[in-house]
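Engineer: have a look at this prediction, sequence included:
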Amino acid sequence: MRITSLLLAIAATCVLTVSALAGEVTWTGCGITKKAFMSEIAKAYEAKTGTKIALSGGGATKGIRSAAAGTSDMGGTCRHWLFDATGNKHPAEKDAVLTQVAWDAIVVIVNPANPVDNISLADLKKIYDGEIVNWKDLGGPDKRIVLVTRQGKISGVGYMARLLIFNDANYEFKARSLKVKSTGPLEKKVEKTAMAMGLDGISSARKRNVKFLKLDGVAPTKENIAAGKYPLFRPLYIATNKNAPAEAKKVLDFILSDEGQAIISAQGTVNLAEGKALTSLWAAKKAQFGLK
């Protein structure tokens, strides 16, 4: 048993260091985090240091768990850790360290041709509960709402939307919907379907041909998100293993530096300084949600 444990420890160390030794840092994560800042960070870091950051997708859950397992040097995630009923981190995520580097927001996206501009949080809940099914109830045409949702409950958008809108990470959407595997297909469906609606992260959605609905009259602009006026804000994290390789730590330091934070802001994403008003607001939400 001791020999087996030793071999496993050696194997884990090799996984964590092999990419760094090769002059490359591997990053796995959600498309929202990638579009929010990571693609541009990778370009700038390679130009500055000569070290390539190899980016791959797979979602927020994969971002956390690949970093925790050491199969990737770093991860990107738009959700918090998962916890069980006793308050312990999910076994596949317990070895991941999450460092906040920016802010994002959950937005309601519709087709650009949709005449509806605003929705109340109360009506948004009713849509996902199946109580409102027609756009005419929102001031739009007499057409059925084509609701598009992500499969499962632990995606970055799915998990955080349930917390922020329903105060319950395990909330079961009752409405009939078209279910898709990831954010990309959801965005494409809304782009192509006149009466479609979905939830998305604004860092990804703003790069697609979709329209954002105001929420209780507040538009999800960068300024409104940063000030906490738009309610569905959430942190964006970089995930690293608790024994992350040195080069991964250097990348994280770069992201947190003035240069890295300026790159984040230039992408239209709220950086840490711009979102300083959100820190106390998020602390209150964490306490409300029972997050650590």
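Structural biologist: It's in.

Engineer: how much space between the residue nearest the centre of the chain and residue 197?
Structural biologist: Note on the chain: the residue nearest the mean C-alpha position is residue 78, at 2.3 Å, using Cα atoms, centre = their mean. Going from residue 78 to residue 197 by Cβ to Cβ, to the nearest Å gives 20 Å. All C-beta spots, glycine's among them, are computed from the backbone N, C-alpha and C.

Engineer: SS state for residue 198?
Structural biologist: Here residue 198 is recorded as strand under DSSP: H, G, I helix; E, B strand; the rest coil.

Engineer: in the sheet, who's paired with it?
Structural biologist: Counting by DSSP bridges, residue 198 is bridged to residue 109.

Engineer: that one contacts residue 158, doesn't it?
Structural biologist: No. Residue 198 is beyond contact range of residue 158, at 10.9 Å (criterion: Cβ atoms under 8 Å).

Engineer: what touches both of these two?
Structural biologist: Shared contacts of residue 198 and residue 158 (Cβ atoms under 8 Å, 6 or more residues apart in numbering): residue 149.

Engineer: the residue lying closest to residue 237 once chain neighbours are set aside: which element?
Structural biologist: Take residue 237 and drop its neighbours on the chain: the residue closest to it by Cβ to Cβ, 6 or more residues apart in numbering is residue 98, 4.3 Å away. Using DSSP states H and E, residue 98 sits in strand 96-110.

Engineer: how about that strand as CSV, C-alpha atoms only?
Structural biologist: Output of strand 96-110 as CSV, limited to C-alpha atoms (Å, rounded to 0.1, in the frame of the first residue of the first chain):
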residue,chain,number,x,y,z
ALA,A,96,-8.2,23.2,-6.4
VAL,A,97,-7.4,26.7,-5.2
LEU,A,98,-9.7,29.4,-6.7
THR,A,99,-8.3,32.9,-7.1
GLN,A,100,-10.7,35.6,-8.2
VAL,A,101,-9.3,37.7,-11.1
ALA,A,102,-12.4,39.5,-12.5
TRP,A,103,-16.2,39.9,-12.5
ASP,A,104,-18.9,38.7,-14.9
ALA,A,105,-22.7,38.7,-14.9
ILE,A,106,-25.5,36.3,-15.8
VAL,A,107,-27.7,37.9,-18.5
VAL,A,108,-30.9,37.1,-20.3
ILE,A,109,-30.3,36.8,-24.0
VAL,A,110,-32.8,36.9,-26.8
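
Engineer: for the helix or strand just after it, packing partners?
Structural biologist: Counting by DSSP H and E, the next helix or strand C-terminal to strand 96-110 is strand 118-119. If you count contacts as 3 or more Cβ pairs under 8 Å, 6 or more residues apart in numbering; DSSP states H and E, strand 118-119 packs onto strand 214-215.

Engineer: same for the strand it packs on, what does it pack against?
Structural biologist: Contact here means 3+ Cβ pairs under 8 Å, 6+ apart; on that basis strand 214-215 packs against strand 118-119.

Engineer: average pLDDT across the strand it packs on?
Structural biologist: Averaged across strand 118-119, the pLDDT comes to 98.

Engineer: what lies in contact with the next helix or strand after that strand?
Structural biologist: The C-terminal neighbour of strand 118-119 among helices and strands, as given by DSSP H and E, is helix 121-128. Helix 121-128 is contacted by residues 108, 132-133, 137-138, 145, 147, 165-166, 173-175, 197, 215-216, 231 when judged by Cβ under 8 Å, 6+ apart.

Engineer: quick one: the helix or strand following helix 121-128 to helix 121-128, angle?
Structural biologist: Next along the chain after helix 121-128, taking DSSP H and E as the criterion, comes strand 146-150. Relative orientation of strand 146-150 with respect to helix 121-128: 90 degrees, computed using axes from the mean of the first three to the mean of the last three Cα atoms, to 10 degrees.

Engineer: just how off-centre is strand 146-150 within its chain?
Structural biologist: How far strand 146-150 lies from its chain's middle: 18 Å, per Cα atoms, centre = their mean, to the nearest Å.

Engineer: so what's residue 286 up against?
Structural biologist: Contacts of residue 286 (Cβ under 8 Å, 6+ apart): residue 292.

Engineer: can you rerun that using 10 Å?
Structural biologist: Residues counted as contacts of residue 286 (Cβ atoms under 10 Å, 6 or more residues apart in numbering) are 80, 163, 235, 292.

Engineer: what's the answer for residue 25, then?
Structural biologist: Counting by Cβ under 10 Å, 6+ apart, residue 25 has contacts 19, 42, 45-46, 49, 51-55, 72-74, 244-245, 247-248, 250-252.
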